[in-house]
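In: What follows is a predicted protein model with its sequence.
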Amino acid sequence: MTTASDPTQPAVTAAEPPAEPRQLPVTDLSLVVLIGTSGSGKSSFARKHFAPTQVISSDYCRGLVADDENDQSASADAFELLHHIVGKRLAAGRLTVVDATNVQPDSRKQLIALARAHDVLPIAVVLDVPPGVCAERNRSRPDRDFGAHVIQRQNRELRRSLGALEREGFRKVHHLRGAAQVAAAEIVLEKRWNDLRELTGPFDIVGDIHGCRSELETLLHRLGYRITRDEHGRAVDAAHPEGRTAVFVGDLVDRGPDTPGVLRLVMGMVAAGHALCVPGNHENKLGRALGGRQVTVAHGLQESLDQLAAEPEEFRTEVQTFMRGLVSHYLLDGGKLVVCHAGLPERYHGRNSGRVRSHALYGDTTGETDEFGLPVRYPWAEEYRGKALVVYGHTPVPVASFLNNTICLDTGCVFGGNLTALRYPERELVGVPAEKEWYAPVRPLISDAPGAREGRPLDLADVAGRRVVETSLAGRVAVREENAAAALEVMSRFALDPRLLAYLPPTMAPSATSRRPGHLEHPEEAFFAYRADGVQQVVCEEKHMGSRAVLLVARDEQALERRFGLAGPGAIWTRTGRAFLGDAALTEALLARVRAAAERAGLFTELATDWLLLDAELLPWSLKAVELLRRQYAAVGAAARSALPEVLAALERTAARGIEGLTELTERHRRRAADADAFSAAYRRYCWPTEGLRGIRLAPFQVLAAEGANLAVRPHDEHLGWLDRLVVADEAWVREQQEPARPGAGQPEAVQPEAVQPSTGQQPSQQHPDVEPLLRATGRLVVDTADEASIAAGIAWWEELTAVGGEGMVVKPLASLVRGTSGEGRPGGLVQPGLKVRGREYLRLIYGPDYTEHLDTLRRRALGHKRSLALREYALGLEALDRLAAGEPLWRVHEPVFAVLALESEPVDPRL
C-alpha cells in the first residue's frame, strides 16, 4: 500500500522508511539515460531535476508522430525521432536526458552509440521501484490501461540488466533502490575536467620540452617568471609577478638530458597553481612503463627511464600520480582557447571519450609512412575553421606559425631547434635556441623544399585539380581543373621562386559602356556606379601606360631570409609571376634605388618592417612588351601607312578622270588613314629607349604589405602620401648626385625633416650629373560622387589627361576596401576596388585604329564576367596578404596567389 495520493509524484510504501538525501553527480555535457519500468517515476524525476528542454520523452515523441502518446504501433517512428533529436542536442553540446523505460539492452545500445558518436559520457540513472508500487501508480492513470504482466516483464528485464550497465559502456551508474531513494535523490551537475573556461589568463603556453630543463628555465626567465629552487639548487616552482599562468602542451619527457628536472619544475608549478599541463604521447607511454605495463622502449624513452631510476622512489611515485591526473585538453578563456598536445578539431572541443583523448595525444594519421618511416599526419589544421585558437605541439616544425587559428609550438628544441612559447592573448611568440642538439632527429628538422622551414612544404596536391579557396571577403572561390592546369604550367616553368611570390595583382574591370557620342568609356559611368553602391568619395588616379609590376624590396640582404626563407635584395615580377627584368644586375640596381628612397623617406621605420611589397607600373611599355610592339602594333601601323596612301592616290586619280560616286569611299579611306596615324602615335607615346636605369620610370601607387600588416586595405590617400615621400626622396638623391658636394650642406629642402638618410652602400659615392629620377608620382583627384560640380571637375581632369596622350585614369573608392549598399550582385557585397576609364585615343590600341567606326557594335560588349573575375581575384589577393601578415606558412599564402593566376585563364574578352 502506498502513502502517496498524487499519482504524478513518486510514491513511498508504508514499509519503506524515508531515505537519506543522496547526491547524484552528472557531467554537465552528457547523455543521461533514465532506466525503469513504467510507473517508476521517470517523468516526474526528469521534471524535478532537469529543464523541460533537456528531457526527450519517448511518450512525447510518440505523441508527435501519432497524436497519441500511448499508441504502441508508432513506437518505431517515435524512437527514430527521439534518437534524431538526441543526436542534434549532443552535436550542439547540450545536456540531454532520455525519458523512456530503457530496460532492454538493445534500446540502451543505440543510446550509448549516440553518446560515443558525439564524444559525451553516457550516464545511467536506474529507478528501481518495486513492481507493486509501479502497478498502483499505473492504475491511477486512465491512459495506462495495460495489465500487470507488462510491469512484471519490464521488471525482469531490469533485473537482468543491473549487473551489465557498466560493461555496456555507461561511465556512471546511479542505482536508486526504492521510491524513497528516488524521492530523496538530488542531481548535482559537475563540470567536465577539461572545462576551465573561467580561467581567462593571461597565459604563456610552452611547446614540447623533451627533457631540456636548462632551456625551459631560460625561457621562463625570458617570459618574466621568477624561479624557486630547493636546498639542492633545483628548480621546483616558477611564478610570474603579474599573475600570468604557464600552460604546457605535453611531451615534457624523453630524449633530452634532464627529464626529472623538467618534471620537478613543471609539477611544482602545477601544484602551486602557477601552471597547467596537458599530457603528451611521451607522458602517456612513460606513465605506463613506470606502472609496469609492457611498452616498446623507443623514441627516447630509455633516457627517461635511466634518469628516473636515479631518483628516489617517492619522486617516481609522484611522477606517476601526476601523469595519471593529466587531462587530455583544456578549454580556457570562455572557450576561446584550446590547449592540447597533438591538435584537436572543433567537434572534439570539451568532449570526453577515448577517441578525443587519442586525438589529443597522438593526432590522426593517413595510414601512410614517409621516406623516414614515420607516420604521415593527417593535416587537420588545414581544414580547421573553429572560433577557438588551438595551441598544440607534437610534430616538430622549424618555425611556429599560425594556420587557420591554430599554432604548433613544437619547434624541435631537443633536436637543436628552439623552445617556443606563445603569450596569450597577445599572440606573441617568444623563443630560446637549444643549447645543442641533444637527440638526433630521424627526419631532418628543416629540408630544402620551399615552405619546409615552416613545417609544411609546397605540394602538388595543393594546386592540382579543381580547387576551392576560402576567403574572408568573398567566401569560397572555386578554381576549375583546366584553369589550375594552365596556371601550373606557367607557375612551374616561368614564375619566380614561390617563396617570394606573395601576391599577384587582380584584373581590373572597365567602367560601364558610355553612350556619349564618340566615346566607348567615360568617367561619369564610373562615378555613377560608385554612387549607386553608396560610395561618396572616390579617388581618380592617373593611369600610367606601362606594365604592372609588383616589387618586394628588402631593407637588407638578410630581411628576406628572415621572413621568406630566401636571401637577396628582393624581386620584381609581372602579373603572371615572371621576373620582370631578365637582367639580374638591372633588377638589383632598380631595387637599390627604391630601397634607398624608402630608407630616406623613413618608410621602413614608420611601418616597423624590414621589407615592403609595392604595386606599381614600370615604364616604358616597351621595356617588357617590345616584341608585342614589333609584331602587333608596329606591324599594323606600318601596313596601314604603306597601303592607305596608295589607295587614296588611286581614288584621287580616278576622281580626276571624271568618274563620279567615289566621294564617300575616298572620305572613308581618308578617315582610315588618319586613324592609322593616330594609332601609331598612340603606341609611340608609351615607348622610348632605355639603357640601364636611364629611361626607366617606376610609378608605385600602393604599398601592399609590410611585416605583420596587410596595408592594401588602408585608404588610398595614405598610400599616395607614403609614395609621394618615396618620390621626393628619390628626387632629392638625384639632385645630390647632379650637384657638386658642398661641405656642411644640410638636408635637401624637398625631403621631409623626419626622413632617414640612405645607409652606406645604398647609393653611388660619387656625383653623376647624368643620373635621372627613377620614381614617378601618380596624379590624383578626389571626387565627391554626390556633388555634380565635383563630378564635372573629375571629367575635366580625365579629358585633360587623355588630350595630351595619357592612357586615362582609374577610379577607386577612397576608403579602399568597401562593401556596397546596393552593390553588384547581392546587397552588401564587395564593391569593385577600381574601375578603369581609358582615353579615346588609347582605346585604338585595344580595339583597332578605326574602332570609332564601330561603336554601336562595341557598346554591346558584356562586362558581367569581367567584373565577377575582378572581384574574385581582388578577394584572393587580399586573402594572400592577410595570410602573409598573419605569418601563415608558405603553402597557405601561395594558395590564393596561385588561384589568381588560374582565374586569369578564364575565357574573358582580353580587350576589356
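Out: Received the coordinates, thanks.

In: and residue 96, what does it touch?
Out: By Cβ atoms under 8 Å, 6 or more residues apart in numbering, residue 96 lies in contact with 30, 31, 32, 54, 56, 86, 89, 90. Quick note: C-beta positions are derived from backbone N, CA and C, even for glycine.

In: 6 Å - rerun?
Out: By Cβ atoms under 6 Å, 6 or more residues apart in numbering, residue 96 lies in contact with 31, 86, 89, 90.

In: same thing with residue 884?
Out: Contact analysis of residue 884 by Cβ under 6 Å, 6+ apart lists 502, 705, 893.

In: again with residue 432
Out: Contacts of residue 432 by Cβ under 6 Å, 6+ apart are 215, 218, 219, 419.

In: which residues does it form a beta bridge with?
Out: residue 419 (DSSP bridges).

In: the bottom helix or strand of the chain by mean pLDDT?
Out: Here the helix or strand of the chain ranked lowest by mean pLDDT, DSSP states H and E is helix 622-628, holding a mean of 62.

In: Can you list the low-confidence ranges for the stretch 551-700 of the chain?
Out: Along the stretch 551-700 of the chain, the model assigns pLDDT under 70 to residues 624-644, 646-649, 651-652, 655-656, 658, 660-662, 666-667, 669, 671, 673-684.

In: got the end-to-end distance for stretch 532-545?
Out: End-to-end distance of stretch 532-545: 29 Å, with Cα to Cα, to the nearest Å as the criterion.

In: so how far is that stretch from its chain's centroid?
Out: Distance of stretch 532-545 from its chain centroid, counting by Cα atoms, centre = their mean, to the nearest Å, is 30 Å.

In: What of stretch 257-271?
Out: Stretch 257-271 sits 35 Å away from the centroid of its parent chain (Cα atoms, centre = their mean).

In: CA-only coordinates of it in PDB, if you can.
Out: Output of stretch 257-271 as PDB, limited to C-alpha atoms (Å, rounded to 0.1, in the frame of the first residue of the first chain):
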ATOM      1  CA  PRO A 257      69.300  15.500 -20.800                       C
ATOM      2  CA  ASP A 258      67.200  16.200 -17.700                       C
ATOM      3  CA  THR A 259      63.700  14.700 -17.700                       C
ATOM      4  CA  PRO A 260      63.500  14.600 -13.900                       C
ATOM      5  CA  GLY A 261      64.500  18.300 -13.700                       C
ATOM      6  CA  VAL A 262      61.700  19.300 -16.100                       C
ATOM      7  CA  LEU A 263      59.200  17.200 -14.300                       C
ATOM      8  CA  ARG A 264      60.200  18.600 -10.900                       C
ATOM      9  CA  LEU A 265      59.800  22.200 -12.100                       C
ATOM     10  CA  VAL A 266      56.500  21.600 -14.000                       C
ATOM     11  CA  MET A 267      54.900  19.500 -11.300                       C
ATOM     12  CA  GLY A 268      55.800  22.200  -8.700                       C
ATOM     13  CA  MET A 269      54.300  24.900 -10.800                       C
ATOM     14  CA  VAL A 270      51.100  22.900 -11.400                       C
ATOM     15  CA  ALA A 271      50.800  22.100  -7.700                       C
END
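
In: What mean pLDDT does that stretch get?
Out: What stretch 257-271 shows for mean pLDDT is 97.

In: And for stretch 94-109?
Out: Regarding stretch 94-109, the rounded mean pLDDT is 94.

In: I'd like the distance between residue 293 and residue 600.
Out: With distances taken as Cβ to Cβ, to the nearest Å, residue 293 is found 68 Å from residue 600.

In: Between those two, which is the more surrounded one?
Out: Taking other Cβ atoms under 10 Å, residue 293 and residue 600 do not tie; residue 600 has more neighbours (27 against 9).

In: give me the element residue 343 is part of.
Out: According to DSSP states H and E, residue 343 maps onto no helix or strand at all.

In: Check the gap between it and residue 359 for me.
Out: Distance from residue 343 to residue 359, counting by Cβ to Cβ: 7 Å.

In: higher neighbour count, the two?
Out: Legend: neighbour count by other Cβ under 10 Å for residue 343 and residue 359, higher for residue 343 (28 against 24).

In: ok, and the closest non-adjacent residue to that one?
Out: Of all residues not flanking residue 343 in the chain, residue 392 sits nearest, at 4.4 Å (Cβ to Cβ, 6 or more residues apart in numbering).

In: Give me the contact list for the helix or strand that contains residue 321.
Out: Here residue 321 sits within helix 313-324, counting by DSSP H and E. Helix 313-324 is contacted from outside by 263, 267, 283, 287, 290, 308, using Cβ under 6 Å, 6+ apart.

In: Once you drop chain neighbours, what's closest to the third one?
Out: Leaving aside its chain neighbours, residue 283 sits nearest to residue 323 (5.1 Å; criterion: Cβ to Cβ, 6+ apart).

In: For the residue nearest the centre of the chain, give me its contacts.
Out: Centroid check for the chain by Cα atoms, centre = their mean gives residue 404 as the closest residue, at 4.1 Å. By Cβ under 6 Å, 6+ apart, the contact list for residue 404 reads 381, 384.

In: From residue 895, how far out is it?
Out: Taking Cβ to Cβ, one finds residue 404 at 12 Å from residue 895.

In: next one: residue 135
Out: To residue 895, residue 135 is 68 Å away according to Cβ to Cβ.

In: Between the two, point out the one with more neighbours.
Out: Neighbours were counted for residue 135 and for residue 895 using other Cβ under 10 Å; residue 895 has more, 22 against 19.

In: Contact partners for the more buried one?
Out: Shown in contact with residue 895 (Cβ under 6 Å, 6+ apart): residue 469.

In: let's see 10 Å
Out: 382, 458, 462-463, 467, 469-470, 479, 876, 879-880, 883, 888 (Cβ atoms under 10 Å, 6 or more residues apart in numbering).

In: go on, residue 422?
Out: Counting by Cβ under 10 Å, 6+ apart, residue 422 makes contact with 203-207, 247, 249, 337, 339, 389, 391, 400, 402, 407, 409, 428-431.

In: Point out where the stretch 1-150 of the chain drops to low pLDDT.
Out: For the stretch 1-150 of the chain (pLDDT under 70), the answer is 1-17, 143-147.

In: End to end on stretch 111-122, go ahead and measure it.
Out: Stretch 111-122 has an end-to-end distance of 8 Å (criterion: Cα to Cα).

In: gap between that stretch and the chain center?
Out: Stretch 111-122 sits 32 Å away from the centroid of its parent chain (Cα atoms, centre = their mean).

In: Check stretch 713-723 too.
Out: Distance of stretch 713-723 from the chain centroid (Cα atoms, centre = their mean) equals 25 Å.

In: Tell me which residues of it come out buried.
Out: Within stretch 713-723, the residues that qualify as buried are 714, 715, 716, 719, 720, 722, 723, counting by 16 or more other Cβ atoms under 10 Å.

In: go on, stretch 725-744?
Out: Quick answer for stretch 725-744 (16+ other Cβ under 10 Å): 725, 726, 727, 728, 729, 730, 731, 732, 733, 734, 736, 737.

In: any idea of the mean pLDDT in it?
Out: 80.

In: Can you get me a residue count around the nearest residue to residue 716 once chain neighbours are set aside?
Out: Spatial nearest neighbour of residue 716, chain neighbours left out: residue 539 (4.9 Å); criterion: Cβ to Cβ, 6+ apart. Residue 539: 24 surrounding residues under other Cβ under 10 Å.

In: where does residue 539 land in three-state SS?
Out: What DSSP: H, G, I helix; E, B strand; the rest coil gives for residue 539 is strand.

In: is it true that it touches residue 797?
Out: No - contact between residue 539 and residue 797 fails when scored by Cβ atoms under 10 Å: they sit 11.4 Å apart.
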